[in-house]
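Asker: Return a 3D structure for these sequence lines:
(4 chains)
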2 protein chains.
Amino acid sequence: MSLLDSQIPELLSRKLQSLAAISAAEEDTLAALPWRYEDFGPRHQFVGVGDTPTASCIVVSGFVVRGRYTEAGERQILSVHIPGDLPDLQSLNLRRMDHSLETIGRCRVGFVSHNALRRACEHTSSLVTAFWRETLVDASLYRAAIFRNGQLEPVARLAHFLCELYFRHKAVGLVGPKGFPFQMSQEVTGEVLGLTVVSVNRAAKALRAQGLLETTDRHIHVPDVTALCRIGQFDRTFLHQGER
Amino acid sequence: MSLLDSQIPELLSRKLQSLAAISAAEEDTLAALPWRYEDFGPRHQFVGVGDTPTASCIVVSGFVVRGRYTEAGERQILSVHIPGDLPDLQSLNLRRMDHSLETIGRCRVGFVSHNALRRACEHTSSLVTAFWRETLVDASLYRAAIFRNGQLEPVARLAHFLCELYFRHKAVGLVGPKGFPFQMSQEVTGEVLGLTVVSVNRAAKALRAQGLLETTDRHIHVPDVTALCRIGQFDRTFLHQGER
DNA sequence: CGAAGTATTGACTTGTTTCAATGTTAGTGG
DNA sequence: CCACTAACATTGAAACAAGTCAATACTTCG
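Answerer: Numbering: from 1, shown residues only, chains lettered A, B, ... in the order given. Purely as a prediction, here's the structure:
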């Protein structure tokens, strides 16, 4: 187990703390779970449509996305997951995957078997609550995506997406002086927003021109979140942060 | 309690049966819950953004939609709920509503307090599983919507939506000789699909021309589901029906 | 029956996509 | 460390699909 691996229990308990009241004993239970770690390269699909996973996962570093493909091979990205997220809790209760899980850029992912998770849940009902809540927040982000992609123009759409990523990174302490890490190409961003590369590029240009977006060293800095929220019609209620 | 009201426990237990193994005793527990019924007129918002509901609800008849509005007052419909659906289970775990609940046409809705639901859950862990699963299927429908609205052209988008409604009605035994009940105007359908009335109208015309859509007496009949699925790139996996 | 809402259609406009070329950055191996 | 290559970003011009506008039928329901 590398140094990085030891962060998983910490990442996870921080995440769960934000979702439900977890005791120290319960945290220990979590840390003791048989985690398994894997490093994946860019654009690596590690769970596919139709699969029936026997483990759930946590994002340790990098971005993981949920995706689904048209017959023509176009990918729609359904959600973007940052470190600390549990993008595959649903497979604990729904057998067949209706979407895939893929990396963007390099990525470290932690896995733990459904069996181990279920055992932990049996002893700790607050864990069930926390996990359920995680999937509910997930659903909330889907709603945000439907709203964003269905009603907002390209510039507002991008702004909305950046606001969401900003606050989510903020919540797990991943916003530094350079902003938050962002290694998605404009092409991939387009797959999230339902836009072409060209439109994403022009939207980004527009935001930069207004001094609302700065990109350096694969990081995104948002000088004026409030203004960005206004443009993106972004409402933090969606994130259900600190509601508990 | 009217004749119709007595259907609620039946509707609910049929729904939960499809989600988890519910025993007869557990069904009785559900039926004994203090349900309260309300009839609403068309376009009635009974839960609003920012509300903190103290009860969850079940759709008894008619359609209930989740919605969210742009600053300009445009509504994006996030999901459509048919009889048997529990569109507000999330409020059991997430306090503040990030969207509204509204009727389409006339609608009967059953309510039961969170407290009563929580008590029932404490005695019956399979109920928690069933409820959790319902919210997970919900999330799956959101994913379908993101895919549909983001990647499909108007005709395919409408086809996809109709397939979803068909199979969902089928699953609760609501597809009759006339097809399934459908009282949404093309305007409202547009709010689901992120299209204008005009586009919806033309898409409907195209499907009718291909003999894939018949509308009579506020019902929709789908003569060839297979063909409709093909056009809408619809994959039933999304619905997670009969997975248990 | 009449009013209001809904469906349907055509003509026109606009914004996004497509196509395509060029500039820029990041990563690899000599 | 530099050169080379592939991936990514940026831009302009043209095509086109969906939106807007607007007028006319058709329903539904009080």
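
Asker: Could you find the closest non-adjacent residue to A:Ser56?
Answerer: Across the structure, with C-beta to C-beta, 6 or more residues apart in numbering or on different chains as the measure, the residue nearest A:Ser56 apart from its sequence neighbours is A:Asp88 (4.7 Å). To be clear about C-beta, it is placed using only N, CA and C from the backbone, and glycine gets the same treatment.

Asker: Hmm, that neighbour is touching A:Cys57, no?
Answerer: Yes: in this structure A:Asp88 lies within contact range of A:Cys57 using C-beta atoms under 8 Å: 4.9 Å.

Asker: Could you pull out the residues contacting both of those two?
Answerer: Common contacts of A:Asp88 and A:Cys57, defined by C-beta atoms under 8 Å, 6 or more residues apart in numbering or on different chains, comprise A:Leu101.

Asker: what are the ranges of the helices in chain A?
Answerer: Secondary structure of chain A (DSSP state H): helices located at A:7-17, A:24-31, A:114-123, A:125-151, A:154-171, A:186-193, A:197-209, A:225-231.

Asker: how big is the angle separating the fourth one from helix B:114-123?
Answerer: When axes from the mean of the first three to the mean of the last three C-alpha atoms, to 10 degrees is applied, the directions of helix A:125-151 and helix B:114-123 differ by 130 degrees.

Asker: thinking again about what came up before, nearest to DNA strand C among the helices of chain A would be which one?
Answerer: When the helices of chain A are ranked by distance to DNA strand C, counting by C-beta to the nearest atom of the strand, first place goes to helix A:197-209 at 3.1 Å.

Asker: is any part of the closest one close to DNA strand D?
Answerer: Yes: contact of helix A:197-209 with DNA strand D is found when judged by C-beta under 7 Å from any atom of the strand, involving A:Val197, A:Val198, A:Asn201, A:Arg202, A:Ala204, A:Lys205.

Asker: Could you check how far the fifth one is from A:Pro181?
Answerer: In this case it means A:Ala204. Using C-beta to C-beta, to the nearest Å, we find A:Ala204 at a distance of 17 Å from A:Pro181.

Asker: Dump the residues of helix A:197-209 next to DNA strand D into JSON lines; add neighbour count and pLDDT as well.
Answerer: Supplementary listing: these in JSON lines, determined by neighbours: other C-beta atoms under 10 Å in any protein chain shown; pLDDT from 0 to 100:
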{"residue": "A:Val197", "neighbour count": "14", "pLDDT": "91"}
{"residue": "A:Val198", "neighbour count": "11", "pLDDT": "91"}
{"residue": "A:Asn201", "neighbour count": "16", "pLDDT": "92"}
{"residue": "A:Arg202", "neighbour count": "16", "pLDDT": "91"}
{"residue": "A:Ala204", "neighbour count": "19", "pLDDT": "93"}
{"residue": "A:Lys205", "neighbour count": "12", "pLDDT": "92"}
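
Asker: which residues sit in contact with A:Leu94?
Answerer: Counting by C-beta under 8 Å, 6+ apart, A:Leu94 makes contact with B:Arg133, B:Leu136, B:Val137, B:Ser140, B:His240, B:Glu243.

Asker: DNA strand D contacts on chain A?
Answerer: Contact residues (C-beta under 7 Å from any atom of the strand) of chain A with DNA strand D: A:Ser185, A:Gln186, A:Glu187, A:Val197, A:Val198, A:Asn201, A:Arg202, A:Ala204, A:Lys205.

Asker: export these to CSV and tack on distance to A:Gly73?
Answerer: Shown next, in CSV, are the residues of chain A next to DNA strand D (distance: C-beta to C-beta, whole Å):
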residue, distance to A:Gly73
A:Ser185, 17
A:Gln186, 19
A:Glu187, 14
A:Val197, 16
A:Val198, 19
A:Asn201, 22
A:Arg202, 25
A:Ala204, 25
A:Lys205, 28
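
Asker: Dig out what the most centrally placed residue in chain A forms beta bridges with.
Answerer: With distances taken as C-alpha atoms, centre = their mean, the residue of chain A nearest its centroid is A:His81 (1.7 Å). Counting by DSSP bridges, A:His81 is bridged to A:Val64.

Asker: I'd say it and A:Ile58 touch.
Answerer: No: with contacts counted by C-beta under 8 Å, A:His81 stays clear of A:Ile58, the gap being 9.3 Å.

Asker: okay, the angle between the helix or strand bottoming out on mean pLDDT in chain A and helix A:154-171?
Answerer: Among the secondary structure pieces of chain A, namely its helices and strands, helix A:7-17 has the lowest mean (mean pLDDT, DSSP states H and E), a mean of 75. Between the direction of helix A:7-17 and that of helix A:154-171, the angle (the same axes, to 10 degrees) works out to 110 degrees.

Asker: Quick one: list the elements packing against helix A:7-17.
Answerer: Packed against helix A:7-17, as judged by 3 or more C-beta pairs under 8 Å, 6 or more residues apart in numbering or on different chains; DSSP states H and E, are the following elements: helix A:24-31, strand A:55-69, helix A:125-151.
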